[in-house]
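A.B. asks: What would the 3D arrangement of this be:
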Amino acid sequence: MGKHSLQQESKLPASVKGAIVMGAMAATTTGVFPAITATAATVEIPGIGNFDVPDEFTPQVQQFNQTVKDAATALQTPGALGGGAQVGAPAVAPAPQFQLPTIFNKPSSVGDIALHAAETKVGAQYSWGATGPYSFDCSGLVQWAYKQAGIELPRTSFEQSNVGAPVAFDDLQPGDIVITNGGGHVGIYAGDGKLLNAVQSGTPVSYTPLHASQVVTARRVVNA
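C.D. replies: Residues are numbered from 1 along each chain as shown. The predicted structure follows:
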């Protein structure tokens, strides 16, 4: 039995092989191929085979063979494509910079923290004397919200009307404590002319319009 060649014989048709050789040589040679003589240079194409071309193209053939070998070596060298990329691996675009929505950013003041806490209770039921966490009366909501910010407020709206520092209506900021109804009601200013509060029996925690004429006093707590 005859010995098999160690290099697998290419199964490509001769016409295809010739086209490949011609295309490969075009990158490094110019001119028209004359008839192949008895002496010929050999073009080495990895994975396809070796092909003879006219001897007068020996310099170009040598250059082509060296270029192919250099390219094969580069492809087999880790990091040769930059960053250790693998041949055939899809390009990976840089991950976009992601910024958390404002609601997840740490609030900058005690009032902000209290307001954000109270906002999580929108829709909770009103219950006289309740201080949370599932139902509230007006001062109970304010007390609970500020407790989430590390502030212990007194229990009633009348007592809460004396905490912190007084604030003019035009200077209100979100998180300020606002006393209305002659001192008998309290809520947290939510900005845009709205008060977040436990309104009354039958009405859940919600936002209501706030006007200057309703305000008895407004207070700002600035320290934790």
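
A.B. asks: Next one: the closest residue to residue 168 other than its chain neighbours, what pLDDT does it get?
C.D. replies: Once its chain neighbours are removed from consideration, residue 168 has its nearest residue in residue 218; the separation is 7.5 Å (C-beta to C-beta, 6 or more residues apart in numbering). Every residue, glycine included, has its C-beta placed from N, CA and C. The predicted local confidence for residue 218 comes out at a pLDDT of 98.

A.B. asks: and residue 218, what is it in contact with?
C.D. replies: Residues in contact with residue 218, defined by C-beta atoms under 8 Å, 6 or more residues apart in numbering, are 166, 167, 168, 169, 172, 176, 177, 178, 179, 189.

A.B. asks: May I have the beta-bridge partners of it?
C.D. replies: Judged by DSSP bridges, the bridge partners of residue 218 are residue 178.

A.B. asks: returning to that earlier point: quick one: which of the contacts of residue 218 sit in strands?
C.D. replies: With strands identified by DSSP state E, the entries of the contacts of residue 218 that belong to them are 166, 177, 178, 179, 189.

A.B. asks: Pick the one among the residues you listed closest to residue 110.
C.D. replies: residue 177 (10.7 Å; C-beta to C-beta).

A.B. asks: What score does the closest one have for pLDDT?
C.D. replies: pLDDT, read off for residue 177, is 98.

A.B. asks: Hmm, residue 142 and it touching each other?
C.D. replies: Yes. Taking C-beta atoms under 8 Å as the definition, residue 177 is a contact partner of residue 142 at 6.1 Å.

A.B. asks: residues shared between the contacts of these two?
C.D. replies: 160, 186, 187, 188.

A.B. asks: Put the buried members of the residues you listed into a ChimeraX selection.
C.D. replies: A single ChimeraX command selects the buried members of the shared contacts of residue 177 and residue 142 (16 or more other C-beta atoms under 10 Å):
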select :160,186,187,188
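
A.B. asks: Dump the shared contacts of residue 177 and residue 142 to TSV, plus pLDDT.
C.D. replies: Rendered in TSV, the data for the shared contacts of residue 177 and residue 142 read as follows (pLDDT from 0 to 100):
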residue	pLDDT
160	98
186	98
187	98
188	98
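
A.B. asks: Kindly tell me how buried the closest residue to residue 144 other than its chain neighbours is, as a neighbour count.
C.D. replies: Take residue 144 and drop its neighbours on the chain: the residue closest to it by C-beta to C-beta, 6+ apart is residue 132, 4.0 Å away. When neighbours are defined as other C-beta atoms under 10 Å, residue 132 has 21 of them.

A.B. asks: give me every residue that touches residue 132.
C.D. replies: Contacts for residue 132 were tallied using C-beta under 8 Å, 6+ apart; they are 121, 124, 140, 141, 144.

A.B. asks: Let's have these in TSV, adding pLDDT.
C.D. replies: Converted to TSV, these look like this (pLDDT from 0 to 100):
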residue	pLDDT
121	98
124	98
140	98
141	98
144	98
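
A.B. asks: Show me which of those is closest to residue 110.
C.D. replies: Within the contacts of residue 132, distances to residue 110 taken as C-beta to C-beta reach their minimum at residue 144, with 14.2 Å.
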